[in-house]
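J.: predicted model and sequence follow; I will ask about them next.
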Amino acid sequence: MVEGAADGGRPGTDPGSTAVFDAVAAVADPELRRPLGELGMIRRAALDGGVATIDLALTIAGCPAAERIERDVRAAAAGVAGVASVEVRVSTMSPEERKALIERVRGERVNRFGPGTLARVIAVGSGKGGVGKSTVAANLAVALSRRGLRVGVMDLDVHGFSIPGLLGIAGERPTRVDALVMPPEAYGMPAISIGMFLEGDEPVSWRGPMLHRTIEQFLSDVWFGDLDVLVVDLPPGTGDAALSFGQLVPNAELLLVTTPQPAAAEVAVRAGLLARRLGQRLLGVVENMAGLTQPDGTVVELFGSGGGEATAERLSTDEERVPVIARIPLSVALRAGGDAGAPIAATEPRDPAALAFAALADAVIAAAPSRAGRPLL
């Protein structure tokens, strides 16, 4: 028999039971994205007369991933030499075990994406609503994920959240293990939004302190696993939520979304200036709705032209030139995909707008700051 140690370790015992324990301990929890042995979820593993017996402790009663975890544990044990049958006995962790698990997962850091994080935080902001900021955030996240990066999505547009609908996970709920929140996945990416905690069309009518606390909780309590990039959909403008995020994550890099209308530039510039004042890096301007290509190849500029360039020029200084990093054309498929919860970066990769998102992802990757001199841990 092998019993799991509190730190996920394994004491020595007979070879057959050791092999079973090693196999099931390596199974990853699909929500916490860590091996079960490391999480202390394998209490016991034994092999006797060809029967493998595993005591599995789930984090909470009614765990939504319970069937998948048990299925994966059975499959892992069945693959061990000498195992003829598998018995999995399922129980629930005690409060003390859950507390230890949360401490192992979260570590000592409260704000996991503040200064010192190894993950890049790409914030997508705008001067006002209606410019397609959330659509850009959702499709950029998918495009980065398709490049092989581990990507998470955080929707901080508390009053106008739309990420769940854009990613096709409207109505899904996170799993809570005490103070730890495990978000649902869309297109292989964990994603969190205040909309996942509300019922129906319940409005969010919060003042600044409540917004600040919510952002703090998203940054500390939501478990995304180990990420390469966190894409954050900011609220439009320069209000309380944008200010709180900038103070908590001054290391974020900002993509500023505007439209081709020159009149939109003045409003967009304000959001960029706030980010710079808070110490955030301006990656560039994304000009959305940049024209509709006709069958004959001509482009109809329904929203005018020059807004992106005007915004970038007004934000540029002698020390820092801000580029127009991408132009996203108008696209019927882009609109339809947003309505259906099917981002075209995943479903229509040859659409002109999808190609523009792919180019934007490449530009974001290429603009990564150097890690020279930074500790790995």
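T.: Structure received.
J.: where does the stretch 1-150 of the chain dip in pLDDT?
T.: Residues of the stretch 1-150 of the chain that meet the criterion pLDDT under 70 lie in 1-13, 107-110.
J.: tell me where it has helices.
T.: Using DSSP state H, counting those that start in this stretch, the helices of the stretch 1-150 of the chain run over 15-25, 66-78, 95-106, 133-146.
J.: how about the third one: buried residues?
T.: In other words, helix 95-106. Buried residues in helix 95-106, defined by neighbour count with 16 or more other Cβ atoms under 10 Å: 97-98, 100-102, 104-105. For glycine as for every other residue, the C-beta is placed from the backbone atoms N, C-alpha and C.
J.: what do you get for stretch 299-308?
T.: So stretch 299-308, judged by 16+ other Cβ under 10 Å, has buried residues 303, 307-308.
J.: can you check stretch 40-54 too?
T.: The neighbour-count check on stretch 40-54 (16+ other Cβ under 10 Å) flags 40-47, 52-54 as buried.
J.: just the CA trace of it, in PDB.
T.: Output of stretch 40-54 as PDB, limited to C-alpha atoms (Å, rounded to 0.1, in the frame of the first residue of the first chain):
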ATOM      1  CA  GLY A  40      -2.700  15.600  -2.000                       C
ATOM      2  CA  MET A  41      -5.800  14.200  -3.600                       C
ATOM      3  CA  ILE A  42      -4.500  10.600  -3.700                       C
ATOM      4  CA  ARG A  43      -4.800   9.300  -0.100                       C
ATOM      5  CA  ARG A  44      -4.000   5.700  -0.800                       C
ATOM      6  CA  ALA A  45      -3.000   3.400  -3.600                       C
ATOM      7  CA  ALA A  46      -2.600  -0.400  -3.300                       C
ATOM      8  CA  LEU A  47      -2.100  -3.400  -5.700                       C
ATOM      9  CA  ASP A  48      -3.200  -6.700  -4.300                       C
ATOM     10  CA  GLY A  49      -3.900  -9.800  -6.400                       C
ATOM     11  CA  GLY A  50      -4.200  -7.800  -9.600                       C
ATOM     12  CA  VAL A  51      -6.800  -5.400  -8.000                       C
ATOM     13  CA  ALA A  52      -5.700  -1.800  -7.800                       C
ATOM     14  CA  THR A  53      -7.500   0.200  -5.100                       C
ATOM     15  CA  ILE A  54      -7.200   4.000  -5.000                       C
END
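J.: distance from that stretch to the middle of the chain?
T.: Its chain's average C-alpha position is 35 Å from that of stretch 40-54, according to Cα atoms, centre = their mean, to the nearest Å.
J.: what of stretch 88-99?
T.: Its chain's C-alpha centre and that of stretch 88-99 lie 27 Å apart, by Cα atoms, centre = their mean.
J.: next one: stretch 311-328
T.: Its chain's average C-alpha position is 27 Å from that of stretch 311-328, according to Cα atoms, centre = their mean.
J.: again with stretch 218-226
T.: The chain centre lies 9 Å from the centre of stretch 218-226; the measure is Cα atoms, centre = their mean.
J.: now stretch 158-167
T.: Worked out by Cα atoms, centre = their mean, stretch 158-167 lies 13 Å from the chain centre.
J.: in it, what counts as buried?
T.: With burial defined by 16+ other Cβ under 10 Å, the residues of stretch 158-167 counted as buried are 158, 161-167.
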